[in-house]
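Q: Kindly generate the corresponding structure for this input.
(one chain, ligands or ions: 1)
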Amino acid sequence: MTQQALFIIFGGTGDLAYRKLYPSLFRLYEKGYLKDNFAVIGTARRPWTDDHYHEVVMNAVADDGHESDRTNSELARKFASHFYYQSHNVNDTEHYVALRNLADKLDEKYDLQGNRIYYLAMAPWFFGTIAAHLKSEKLITDHGYNRLIIEKPFGRDLKTAKELNDDISAAFSEDQIYRIDHYLGKEAIQSIAALRFGNQIVSSLWNKEHIDNIQITLAESLGVEERAGYYETAGALRDMVQNHILQIISLLTMEKPSKYTASELRDRKVEALQNIKVYSKEEALQNFVRGQYGEDADHTQSDYRHEEGTDEQSQIETFVSGKLETENKTLAGVPIYVRTGKRLARKSTQINVVFKNVDTNIFDSTDADSNLLDQNVLTLYIEPDQGYRLDLNVKDGGQTYGIMPIHLDYHKTAAEKAKIPEAYEKLIHDALDGNRTNFAHWHEVAQAWRIVDVIREAWDSEKADFPNYVSGSMGPQASQDLLKRDHRNWIFDATN
Ligand SMILES: NC(=O)c1ccc[n+]([C@@H]2O[C@H](COP(=O)([O-])OP(=O)(O)OC[C@H]3O[C@@H](n4cnc5c(N)ncnc54)[C@H](OP(=O)(O)O)[C@@H]3O)[C@@H](O)[C@H]2O)c1
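A: Just a heads-up that it's a prediction; the model follows:
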C-alpha cells in the first residue's frame, strides 16, 4: 500500500544514512510503497544545500545499485527531489523551530496527513535531547502518526539503557518506539518461526526430549576495520551478544505464539528471554570465554592491539563464546552454545540444532569407540549463505548393513537472494506500516542487558590474557574446551 509520511533523519550526512537508509527508501519508492506523498528532511551540522543533498542521495542510490545506472535515472532524480536538507545542531533549541516550520510546510506540500517518522541515525547520547526537543518544540503532530526509529547500541548496560529509555519515553510511548536490530529484518531470521511452527516434523521434535544442544555462530572474517573508535567502547559482548544473539535465542526458544502477530510474538519473545538463566559472576566466568585476535599464522595481518585507533593494552574482546540455558518447560536443560568473533576462519552466521543420539544403535557402527551413530543436525544458514541442511544416517550401499551419514541441503540461489528485500528496507517498510513485529521491545532489551551485564562485570574484574587466538582460526582454545568438557564439539568449523 502506498504510504504518506515525512521522514526526519537525524544524522542525514552519516554513514548509516548513506549506505542503508537512502538506498532502502529508494527501493521502497521503486516498488511503489512510496510515491508522490512522501518527503525526507535530512539534518546534521554540515551546511549542505538541497542541491548538494540531492546529489548525495543519488550517489547513495547509485552506489547501492545493481540493475541500472541509477545516478542518471529519471526515477532517482525524481526520488531525490523529495529530499530537503536542514542544517541543524541537535543541542540547539532554535534549530528545532526551523525544522518544525520546514516539516509543516512539507506536510502541506506533499499532503502527508501529519504522519512523521523520526529516524535517529546518530550516536545514542543524542537520543534523549532529540526526543525531548521534538516534544517541547512541537514537531510531534497531534494528527497522523509519530514514530521514532532508533539504532543500536541501546545503552551500555541496564542502567544506561534504562536512563535512555526513560528519556525517550518522556516524549514517545512504547508503541511509537521502533528499536532497530537489523538481524530481525533478515529473511533467514524471520524464517525461524516458519520452520519451527510450520512443520510438524520440526515442531514435534523441538523440545528437550529430542534436542541435545543448540549452537549459534556469528563469525566474521574481517577485523575491526575502521570501527576501532566505537569497538573500543563496546566489544563483541555488547556489539553482538546483547542484541543479535539474544534476539536469535528468543526466536529459537520461545513457546508457540497462538497467532503470528506483533503482540503475540513479542510476548513470547519477552518470556523466552526472561527464561534465560541469569548467571552469577562465578557461573559467568565458568560458562563464558572471551578472546582477542592476534596476528594470522603468516604474520601478514596485524593483531587487534596494533590496528589503527585501538589501545595497545586493550582489554576489549573481539570474540565471545559461551553456554546459556533456558528454564522454559520445553527446552529446559538444553545447552545453547553461542559464539561470535572477528577475524575468524570464515564469515558465516549459522544455527546448528543438534539432536540426541538414537536410544540404541542396532547397526554395526562405523565408530568403534562409541558405537554411536552420528547425531542428526538441522542447520539454518543465515548469511552469507541462506538455506538449510539436515544431516541423516542412511544405509551405505554396501553388501553388509553399514550406515553412513548424508545431508539434505537447500541453498537459495544468487537470483533468489537478490529478490529478498534487504533488512533495512524491510524494517523501514514495517515502520511505515506500523508493524512492530520485527523491532525489539523495551522488556527484551532490558532482559538482554540483565543477562549480559553479569558477564561484563565478571570479566571487568579480571585482566584478560590477550591476544589469545590466531587470526583465521575459530577463536581461542578455551572456546573448544567449553564444549569438550560437555563431551561436545562445535558443528561449524571452517578450519577443516
Ligand atoms: N553505520 C552503520 O552501518 C551502523 C550500523 C548499525 C548501527 N549504527 C548506529 O547508527 C548511528 C549512526 O551511525 P553512523 O555510522 O551513521 O555514524 P556517523 O557516520 O558518525 O554519523 C553521525 C551523524 O551524526 C551527525 N551529528 C553528529 N553530531 C551532531 C550534532 N551535534 N548535531 C547534529 N548532527 C550531528 C553527523 O553529521 P555532522 O557531522 O554533519 O553534524 C552525522 O550525520 C550510531 O548510533 C551507530 O551506532 C550504524
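Q: Averaged pLDDT, the helix or strand residue 119 falls within. What do you get?
A: In this assignment (DSSP states H and E), residue 119 forms part of strand 116-120. Averaged over strand 116-120, pLDDT sits at 98.
Q: pLDDT value on the closest residue in space to residue 132 that isn't next to it in sequence, please?
A: Excluding its sequence neighbours, the residue lying closest to residue 132 (C-beta to C-beta, 6 or more residues apart in numbering) is residue 171, at 6.1 Å. All C-beta atoms are positioned from the backbone trio N, CA, C, and that covers glycine. As predicted, residue 171 sits at a pLDDT of 96.
Q: Tell me who's in contact with residue 171.
A: 131-132, 134-135, 140, 148 (C-beta atoms under 8 Å, 6 or more residues apart in numbering).
Q: So which of these belong to helices?
A: Taking DSSP state H, the ones among those that sit in helices are 131-132, 134-135.
Q: Which one of the residues in the stretch 151-300 of the chain is closest to the ligand?
A: Of the stretch 151-300 of the chain, the residue with the smallest distance to the ligand, taken as C-beta to the nearest ligand atom, is residue 151 at 3.6 Å.
Q: Show the pLDDT at the nearest residue to that residue once chain neighbours are set aside.
A: Spatial nearest neighbour of residue 151, excluding adjacent residues (C-beta to C-beta, 6+ apart): residue 180 at 5.5 Å. Residue 180 carries a pLDDT score of 96 in this model.
Q: Residue 496 too?
A: At residue 496, pLDDT is 78.
Q: and it, what is it in contact with?
A: Residues in contact with residue 496 (C-beta under 8 Å, 6+ apart): none are found.
Q: separation between it and residue 490?
A: Residue 496 sits at a distance of 11 Å from residue 490 (criterion: C-beta to C-beta, to the nearest Å).
Q: Also residue 251?
A: According to C-beta to C-beta, residue 251 stands 21 Å off from residue 490.
Q: before we move on, what about residue 400?
A: In terms of C-beta to C-beta, residue 400 sits 32 Å off from residue 490.
Q: So between these two, which is more surrounded?
A: Per other C-beta atoms under 10 Å, whichever of residue 400 and residue 490 has more neighbours is residue 490, with 18 against 8.
Q: Hmm, residue 474 and the more buried one touching each other?
A: Yes - using C-beta atoms under 8 Å, residue 490 is in contact with residue 474, at 7.0 Å.
Q: and for these two, which residues touch both?
A: residue 480.
Q: still on that earlier bit, max pairwise distance over the contacts of residue 171: which two?
A: Within the contacts of residue 171, 132 and 148 form the most distant pair, 12.0 Å apart (C-beta to C-beta).
Q: Look at these two and report which has more neighbours.
A: Using other C-beta under 10 Å, the more surrounded residue of residue 132 and residue 148 is residue 148, with 23 against 16.
Q: Quick check: closest non-adjacent residue to residue 27.
A: Using C-beta to C-beta, 6+ apart, the closest residue to residue 27 is residue 425 (5.0 Å).
Q: swap in residue 184?
A: Using C-beta to C-beta, 6+ apart, the closest residue to residue 184 is residue 438 (4.1 Å).
Q: neighbours of the one you found, just the number please.
A: 23.
Q: Once you drop chain neighbours, what's closest to the residue of the stretch 1-150 of the chain found nearest the ligand?
A: Nearest to the ligand in the stretch 1-150 of the chain, going by C-beta to the nearest ligand atom, is residue 14, at a distance of 2.4 Å. Nearest residue to residue 14, sequence neighbours excluded (C-beta to C-beta, 6+ apart): residue 121, at 5.6 Å.
Q: thinking that neighbour is in contact with residue 16, fair?
A: Yes - when contacts are counted by C-beta under 8 Å, residue 121 is listed as touching residue 16 (4.5 Å).
Q: Give me the more crowded residue out of those two.
A: residue 121 (22 against 17).
Q: and the more buried one, what does it touch?
A: Shown in contact with residue 121 (C-beta under 8 Å, 6+ apart): 9-12, 14, 16-17, 21, 151.
Q: Residues of the stretch 1-150 of the chain that sit close to the ligand?
A: For the stretch 1-150 of the chain, the residues in contact with the ligand (C-beta under 6 Å from any ligand atom) are 11-16, 19, 44-46, 88-91, 121-124.
Q: Write the ChimeraX selection for whichever of the residues you listed are buried.
A: Entered in ChimeraX, the line below selects the buried ones among those, by 16 or more other C-beta atoms under 10 Å:
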select :11,12,13,14,16,44,88,90,121,122,124
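Q: Cross the residues of the stretch 1-150 of the chain next to the ligand against strands and list the overlap.
A: Counted as lying in strands by DSSP state E, out of those, are residue 44.
Q: What's the nearest residue in the stretch 351-496 of the chain when you look at the ligand?
A: For the stretch 351-496 of the chain, C-beta to the nearest ligand atom, closest residue to the ligand: residue 424, 9.3 Å.
Q: got the angle for the helix or strand encompassing that residue vs strand 116-120?
A: According to DSSP H and E, residue 424 maps onto helix 423-433. Going by axes from the mean of the first three to the mean of the last three C-alpha atoms, to 10 degrees, helix 423-433 is angled at 150 degrees with respect to strand 116-120.
Q: and stretch 462-479, which residues are buried?
A: 466-476, 479.
Q: Can you name every helix or strand that the host helix or strand of residue 483 contacts?
A: According to DSSP H and E, residue 483 maps onto helix 477-484. The contact analysis (3 or more C-beta pairs under 8 Å, 6 or more residues apart in numbering; DSSP states H and E) places helix 477-484 against strand 288-291, strand 319-325, strand 335-341.
Q: Determine which stretch of those is the most buried.
A: Mean neighbour count (mean count of other C-beta atoms under 10 Å) peaks for strand 288-291 among the helices and strands packed on helix 477-484, with a mean of 26.
Q: What is it packed up against?
A: Using 3+ C-beta pairs under 8 Å, 6+ apart, strand 288-291 sits against strand 319-325, helix 442-460, helix 477-484.
Q: In its sheet, which strands sit next to the first one, and in what direction?
A: By that I understand strand 319-325. According to DSSP bridges, strand 319-325 forms sheet pairs with strand 288-291 (antiparallel), strand 335-341 (antiparallel).
Q: The nearest residue to residue 175 once chain neighbours are set aside in helix, strand or coil?
A: Nearest residue to residue 175 in three dimensions, chain neighbours excluded: residue 436, at 7.1 Å (C-beta to C-beta, 6+ apart). Here residue 436 is recorded as coil under DSSP: H, G, I helix; E, B strand; the rest coil.
Q: which stretches of the stretch 151-300 of the chain have low pLDDT?
A: For the stretch 151-300 of the chain, applying pLDDT under 70 flags no range at all.
Q: where does the residue nearest in space to the middle of the chain land in three-state SS?
A: Centroid-nearest residue in the chain, with C-alpha atoms, centre = their mean: residue 183, separated by 3.0 Å. State at residue 183, reduced to three classes by three-state DSSP: helix.
Q: Nearest spatial neighbour of it, chain-adjacent residues omitted?
A: residue 244 (4.3 Å).
Q: and what of residue 188?
A: Closest to residue 188 by C-beta to C-beta, 6+ apart is residue 382, at 4.3 Å.
Q: Am I right that the one you found falls within a strand?
A: Yes - using three-state DSSP, the assignment for residue 382 is a strand.
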